[in-house]
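Asks: can't give you the sequence, but here's the structure:
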């Protein structure tokens, strides 16, 4: 008995071939998935670009360029953590979306592995530098206890998620690896969503108070994690996909 090897990116339906011997359903699904992947990558890149623009302005200022943003004495006195945070976040935000495009992974597995190693390093540095800045920089005026706690919570969660993602891929647990990396990436991309939540909050309720700002910032992280969890749980478990293939006659 010969059983086809299971591919986690394989469609669960077994299509009927057309007159050319091509599986029409599979062609349609592959085209749809390719289009969806392009939109996903574009949307994530756009979301990540929002905070990176401000980060680029800050780095430009710290290296002696024009002062585009209001000066911050904390960053001027100790620029290394914030510069490291911004540069690593740029790599994380730009390379990250391509890791979730299944077609891109299949076509360039070597690139996926090499970029993944770089993303793990950059993601850890983003999370750790964020924790360092939260703990050791003087608190900015208007930063309340709730926002301080949320930054520690989600910064720690990002670091733990990436470490678990690294450990699971070393054990060959691809599905769990992807789930943990998605969670870590979702938290890291929270800064982009926070730009939107803060803008929406100001349009609806006016300038935020200390409490409302913390809640809007927290909403950015929660929204991203909710979307990531939905995507993780939407994908069928590997053994269920394999069972579906066998029932549809893929066992010869």
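Replies: Right, received. Where do you want to start? Quantities reported herein were computed from a predicted structural model and do not represent experimental measurements.

Asks: now residue 225, nearest residue through space, not along the chain?
Replies: residue 186 (5.2 Å; Cβ to Cβ, 6 or more residues apart in numbering). Every residue, glycine included, has its C-beta placed from N, CA and C.

Asks: quick one, what contacts the residue nearest in space to the middle of the chain?
Replies: By Cα atoms, centre = their mean, the chain has its centre lying nearest to residue 185, at 2.6 Å. Taking Cβ atoms under 8 Å, 6 or more residues apart in numbering, we find residue 185 in contact with 92, 96, 99-100, 123, 228.

Asks: ok, 7 Å please
Replies: residue 96 (Cβ atoms under 7 Å, 6 or more residues apart in numbering).

Asks: where in the stretch 151-252 of the chain is pLDDT low?
Replies: 236-252 (pLDDT under 70).

Asks: rerun that using 90 as the cut-off
Replies: Scanning the stretch 151-252 of the chain for pLDDT under 90 picks out the ranges 234-252.

Asks: helices along that one, start to end?
Replies: Using DSSP state H, counting those that start in this stretch, the helices assigned to the stretch 151-252 of the chain run over residues 174-188, 190-205, 210-234, 238-247.

Asks: now do the residue nearest to residue 225 against residue 71, distance only.
Replies: 32 Å (Cβ to Cβ, to the nearest Å).

Asks: out of those two, which sits in the busier spot?
Replies: residue 186 (26 against 10; other Cβ atoms under 10 Å).

Asks: and of the helices of the stretch 151-252 of the chain, who's closest to residue 76?
Replies: Judged by Cβ to Cβ, the one of those that comes nearest to residue 76 is helix 190-205, at 21.2 Å.

Asks: run through the neighbouring helices and strands of the closest one.
Replies: In terms of contacts (3 or more Cβ pairs under 7 Å, 6 or more residues apart in numbering; DSSP states H and E), helix 190-205 is packed against helix 24-62, helix 210-234.

Asks: which residues touch that helix?
Replies: Residues contacting helix 190-205 (Cβ under 7 Å, 6+ apart): 47-48, 50-51, 154, 208, 212, 216-217, 219-221, 223-224.
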